[in-house]
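Q: Quick one: sequence plus predicted model below, questions after.
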Amino acid sequence: MSKIIAVAELRDNGLRNVSFETISLAKQWDDESEVVAVVLGTADSKHGQAMIHAGADRAILVSNEQLHTPTAENFTQALMQVINEEQPTGIVFGHTSIGKDVAPRIAGRLNAALLSDVVSIEGQKQDAVFTRPIYAGKAFEKTQGKTETVLVTVRPNNIEVLQTDSSRQGDITVKEVELVDLKTVVKEVVRKVSSGIDLSEAKVIVSGGRGIKSADTFEMLRELAELLGGTVGASRGACDAGYCDYALQIGQTGKVVTPDLYIACGISGAIQHVAGMSNSKIIVAINKDPEANIFSIADYGIVGDLFEVIPLLIEELKQSLKAV
Ligand SMILES: Cc1cc2nc3c(=O)[nH]c(=O)nc-3n(C[C@H](O)[C@H](O)[C@H](O)COP(=O)(O)OP(=O)(O)OC[C@H]3O[C@@H](n4cnc5c(N)ncnc54)[C@H](O)[C@@H]3O)c2cc1C
């Protein structure tokens, strides 16, 4: 039986949502293959269980202390040991910082095709065609992998996850790996921003631009985001002006996001910003300039002063949440 490996990712000792998307994509790719979830950096069976409940047939937990701080080097070495044993025909990663770093290294070692930043799949097995945005989201490319093993990275928030089934059973094995001759070892990670919701996986993002005028206004955006169950993002204009941390930057040189709802507040819509958010499902723009470029990609536009519009939105949302 052929196998597809779905590589899960941990964050704060929980599985990142994109891990479940890797399983869903693996199933769509070949529903007759065995889907093997691989979770690196843990021996905790709850992570294997969660992957099986999400649709994997079995799970391998890859354990080694070094893997608690993922690097391209240690993940590649650990994953290669699993791949050599399992001989999968497909490997699916999240298109995340670590996925983007590890997948090309593995593809190089296997001399295999790598289709990165995939947002959808049509067809199955060798005939599967993967769609990926190109030219900063201005066009889509349909690609096939032609090697014995094909690697895919999936853009978060694009593949519908399968319904969780807590009655699903599967083997969970812990594989202790040895990592030898590591060239770099991370001694400590110091986090700058921790908003709770990961920007690249958020379903709702309220984003501020230079038009918000101060760091204090970010608190207003945060309040709106929290009412909507989302998180805050920013344009580079806002980051450059010192209104927020660069970790929130969305765009060509920031994060690429695809939430269900993106609210751009005081953002002009420069091409470099749009590159990071144009694939959001619904875009709302609030800008006082009716000619602002952001309106050309917005589904809903509010021409107005954000300092008047946002408090009204917050008030309205509070009222409707009270009524529920
Ligand atoms: C190589 C390169 C890479 C880049 N990468 C990125 C990137 O990753 N992400 C990114 O965002 N940018 C990036 N940029 C910068 C980009 O070109 C723009 O400069 C930036 O996006 C502008 O940010 P902004 O829209 O917040 O600011 P501005 O362009 O100054 O727009 C501010 C907007 O706020 C509106 N406004 C002002 N006051 C109010 C108010 N009271 N109410 C409502 N609206 C108001 C204005 O009408 C205006 O449209 C990059 C640039 C380069 C050259």
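A: Noted; the coordinates are in hand. Numbering: from 1, shown residues only.

Q: gap between stretch 58-65 and the chain center?
A: 21 Å (C-alpha atoms, centre = their mean, to the nearest Å).

Q: neighbouring contacts of that stretch?
A: Identification of contacts with stretch 58-65 by C-beta atoms under 8 Å, 6 or more residues apart in numbering yields 34, 36-45, 47-49, 51-52, 74, 78-79, 81-82, 86, 170-179. Placement of C-beta: from N, CA and C, glycine included.

Q: Counting neighbours, which of these end up buried?
A: Applying 16 or more other C-beta atoms under 10 Å to the contacts of stretch 58-65, the neighbour count classes 34, 36-42, 44, 47-49, 51-52, 74, 78-79, 82, 170, 172, 175, 177, 179 as buried.

Q: Inside strands: which ones of the residues you listed?
A: Glu34, Val36, Ala37, Val38, Val39, Leu40, Ile172, Lys175 (DSSP state E).

Q: Of all pairs in those residues, which one is the farthest apart?
A: Glu34 and Leu40 (19.1 Å; C-beta to C-beta).

Q: can you pull the pLDDT of Phe75?
A: With respect to pLDDT, Phe75 scores 98.

Q: Would you mind listing the residues in contact with the nearest residue to it once chain neighbours are set aside?
A: Excluding the flanking residues, the one nearest Phe75 by C-beta to C-beta, 6 or more residues apart in numbering is Val102, at 4.8 Å. Neighbouring residues of Val102 by C-beta under 8 Å, 6+ apart: Val7, Ala72, Phe75, Thr76, Leu79, Phe93.

Q: my read: the fifth one touches Val39, true?
A: In other words, Leu79. No - taking contacts as C-beta atoms under 8 Å, Leu79 lies outside contact range of Val39: 11.0 Å.

Q: For the ligand, see how far away Ala298 is.
A: Distance, Ala298 to the ligand, using C-beta to the nearest ligand atom, to the nearest Å: 12 Å.

Q: count of residues packed around that residue?
A: 21 (other C-beta atoms under 10 Å).

Q: show me the contacts for it.
A: Ala264, Ile283, Val284, Ala285.

Q: Who does the third one form a beta bridge with?
A: Looking back up the chat, that one is Val284. Here Val284 sits in beta bridges with Ile263, Tyr300, as judged by DSSP bridges.

Q: shouldn't it be in contact with Asp299?
A: Yes - the pair Val284 / Asp299 is scored as a contact, 6.9 Å apart, by C-beta under 8 Å.

Q: Which of those two has more residues huddled nearby?
A: Neighbour count, other C-beta under 10 Å: between Val284 and Asp299, Val284 has more, with 18 against 12.

Q: Contact partners for the residue most central in space within the chain?
A: Note on the chain: the residue nearest the mean C-alpha position is Pro156, at 3.2 Å, using C-alpha atoms, centre = their mean. Applying C-beta under 8 Å, 6+ apart, we find Pro156 in contact with Arg16, Asn17, Val18, Glu21, Gly94, His95, Thr96, Ser200, Glu201, Thr258.

Q: again with Ala234
A: Contacts of Ala234 by C-beta under 8 Å, 6+ apart are Ser207, Gly208, Gly209, Tyr243, Cys244, Leu248, Gln249, Ile250.

Q: quick check, nearest of those to the ligand?
A: Gly209 (2.6 Å; C-beta to the nearest ligand atom).

Q: For the closest one, the count of nearby residues, please.
A: Gly209: 27 neighbours (other C-beta under 10 Å).

Q: what separates Gln319 from the ligand, distance-wise?
A: Gln319 is 23 Å from the ligand, by C-beta to the nearest ligand atom.

Q: Same check on Glu9?
A: For Glu9 relative to the ligand (C-beta to the nearest ligand atom), the value is 23 Å.

Q: Skipping adjacent residues, who's closest to Ala241 in space?
A: Arg210 (5.6 Å).
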